[in-house]
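Chemist: I'd like to go over a predicted model; first the sequence, then the structure.
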Amino acid sequence: MNFLLNLIVSALALYAVSQLYSGVYFVPGTGWVEIVLSALVLGLVNALVRPVLGLLSLPITVLTLGLFALVLNGLMLWLTAQFTALEVTGLGAAVVGALLLSLVSWVLNLITGPLRSGGERH
């Protein structure tokens, strides 16, 4: 149940970012199936590729006091766009889009938090 809820939240967050920010958008005519597939690919990229790149870029991240993590998040969004119906206009747009995606996901996770724990607060 949590996997499905996480996937739905990610898909809604991607869709919201595509509506809020013109630098990240879906190809015209994209349906919900493609949006959910994009969220699934983003989850896979974050689970498989991000840890490796995070480890390789650790010195840069330390030197920039963690700010390079924003660039790394943008790269993950850009990489997702290479394989899905998602379009990103450039690396700067990907970084801004990833930042917005984090904020929207955070808000949606606050809303859906009680659903994940069966209605109980921890």
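Modeler: Alright, I've got the coordinates. Numbering: from 1, shown residues only.

Chemist: okay, CA-based contacts and neighbour counts for the rest of this
Modeler: Noted.

Chemist: Would you pull up how far the helix or strand residue 33 falls within lies from the middle of the chain?
Modeler: Under the assignment given by DSSP states H and E, the secondary-structure element containing residue 33 is helix 32-48. The gap between where helix 32-48 is centred and where its chain is centred comes out at 8 Å by Cα atoms, centre = their mean, to the nearest Å.

Chemist: Average pLDDT for it, rounded please.
Modeler: For helix 32-48, mean pLDDT rounds to 97.

Chemist: Which positions in the very next helix or strand once past that helix come out as buried?
Modeler: Moving toward the C-terminus from helix 32-48, the first helix or strand encountered (DSSP H and E) is helix 50-56. If you call a residue buried by 16 or more other Cα atoms under 10 Å, then helix 50-56 has these buried ones: 50, 54.

Chemist: Excluding sequence neighbours, find me the nearest residue to residue 79.
Modeler: Distances taken as Cα to Cα, 6 or more residues apart in numbering put residue 45 closest to residue 79, at 7.7 Å, once the chain neighbours are dropped.
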